[in-house]
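1. next one to model:
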Amino acid sequence: MMTGKKIFFIKLLIAIAFCLPARAQQEPIYSQYMFNGLVINPAYASVDESASLTVVGRNQWVGIDGAPKTASLSFYTPIKESKTSVGFSAMKETITIDSRTDFNLLVAQKVSLNEEWTMSLGLQAGMSQYKENNSQLSTTDPAFAANQSYWKTNVGFGFTFFTESFYLGLSAPVFKSFDLGGKVNKIVTKPHYYVEAGYAFRINDDVLFKPVVLLRDVKGNGFQYDVNASVLLRDILWLGASWRSEKTVTGLVQVRITGQFELGYSYDTPTSSNLKGAQSVSHELMLNYRFGWSSDHEVNPRIF
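-> Next up is the predicted model:
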C-alpha cells in the first residue's frame, strides 16, 4: 500500500503521462532502436534476411517512485523465397499505478527497385490494454477508488528504402486507434511519426562507422530527434553514443557473443542541471537471437 504522502506525486505523474497525451510522448522511447528497428517501423522485418527474436527491458529514471518500466518482445521471420516477412510484438509498460500492454501482428513485403535499392512496406495491427490499479492508493477519493481497465485497437504502417550501406525508414507504428466498448476510455491516442536514416561505411577491415538520425513527431509536442554515432569493431563489438533533443546523452554497447546471439546495453543520463533534479539515469538491456530455418543459411552480422 502507498502512503498518503505519495498520492499528490502519483496524481501529478498520472496527469503528465496519461491525461495530457497531446503534449507528451505516448509511445515508449528506446535507446537501442538502431539495433531493434521493429519497435518503430514494421517494415524493418524485411530488411533482415534472418529470423530474429529480441527481448528488451528498460528501467527509466532509476530511483524515482513510479517511474516508467518497459519490457518488450518481438519476433519476425522471412517466408522462404517470397520476399515476405511476418512477425509479432508484445510490450508492457508501467508508470506509477498505471500500465499498458500491447500485442501486435505484422507483415512486411520487400520489392527490388534495381540492383542496389530495395523498398519494403510493413503493416501492423493489434490491441492495447490500459489499466489503472487505483486500489494501490490509500485514498477515499471516489475518482481513485476503483480499478479500471479499457482496450483499444491499433493499426500502423512503415516504409523502408535501403541498400547494403544506407537505410531510410518512414513509419507510424500507431497511426490510428479505436476504442473497444466500455464506458471509460481516457486515452486519446495521437499518431507518432518517425523518420530514421543511417549510413554505414568501412574505415578499414576492422572498423565500420555508422551515424544514425531519428526524428519523432507527435501532434502537440513538435519534433524531437536523436543523433547517434556507432562504430563496429571486427564485426563483433558495437560502441556508440547518442544525443537526444530532450537533453539526454546515451552511451551504448552491443557485443556479438556468438554468431547468432547479441547482447546490448545502454545508459541514459540527463545533461541539464534542471532535468537532473527531476529525473535520474535510465538503463536498457537488449537480447537478440538471429537464426535461419535451414542448415545452409548463414547468419551475417547486422549493420542495420
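2. mind listing the helices in the stretch 151-300 of the chain by residue range?
-> Secondary structure of the stretch 151-300 of the chain by DSSP state H, counting those that start in this stretch: the helices cover 273-276.
3. so where's the stretch 151-300 of the chain shaky on pLDDT?
-> 181-186, 273-279, 293-297 (pLDDT under 70).
4. tell me where it has strands.
-> Remark: strands assigned in the stretch 151-300 of the chain by DSSP state E, counting those that start in this stretch are 166-179, 192-199, 201-204, 207-218, 222-233, 237-244, 248-256, 261-270, 282-291.
5. do you know which of the ones you listed lies nearest S52?
-> strand 282-291 (4.8 Å; Cβ to Cβ). C-betas here are computed from N, CA, C, even on glycine.
6. could you check the angle the closest one makes with strand 261-270?
-> 160 degrees (axes from the mean of the first three to the mean of the last three Cα atoms, to 10 degrees).
7. strands paired with strand 282-291, and their directions?
-> Each strand that pairs with strand 282-291, with its direction, by DSSP bridges: strand 51-59 (antiparallel), strand 261-270 (antiparallel).
8. output the ones you listed in JSON lines; the columns should cover distance to V39 and mean neighbour count.
-> Formatted as JSON lines, the strands paired with strand 282-291 follow (distance: least, Cβ to Cβ, whole Å; neighbours: other Cβ atoms under 10 Å):
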{"stretch": "strand 51-59", "distance to V39": "7", "mean neighbour count": "19"}
{"stretch": "strand 261-270", "distance to V39": "13", "mean neighbour count": "18"}
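9. circling back to that earlier point, using JSON lines, please lay out the strands of the stretch 151-300 of the chain together with distance to F103.
-> Formatted as JSON lines, the entries for the strands of the stretch 151-300 of the chain read as follows, by distance: least, Cβ to Cβ, whole Å:
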{"stretch": "strand 166-179", "distance to F103": "13"}
{"stretch": "strand 192-199", "distance to F103": "18"}
{"stretch": "strand 201-204", "distance to F103": "38"}
{"stretch": "strand 207-218", "distance to F103": "22"}
{"stretch": "strand 222-233", "distance to F103": "26"}
{"stretch": "strand 237-244", "distance to F103": "28"}
{"stretch": "strand 248-256", "distance to F103": "27"}
{"stretch": "strand 261-270", "distance to F103": "24"}
{"stretch": "strand 282-291", "distance to F103": "20"}
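10. among the ones you listed, which is nearest L106?
-> The closest approach between L106 and any of the strands of the stretch 151-300 of the chain, judged by Cβ to Cβ, belongs to strand 166-179 at 9.2 Å.
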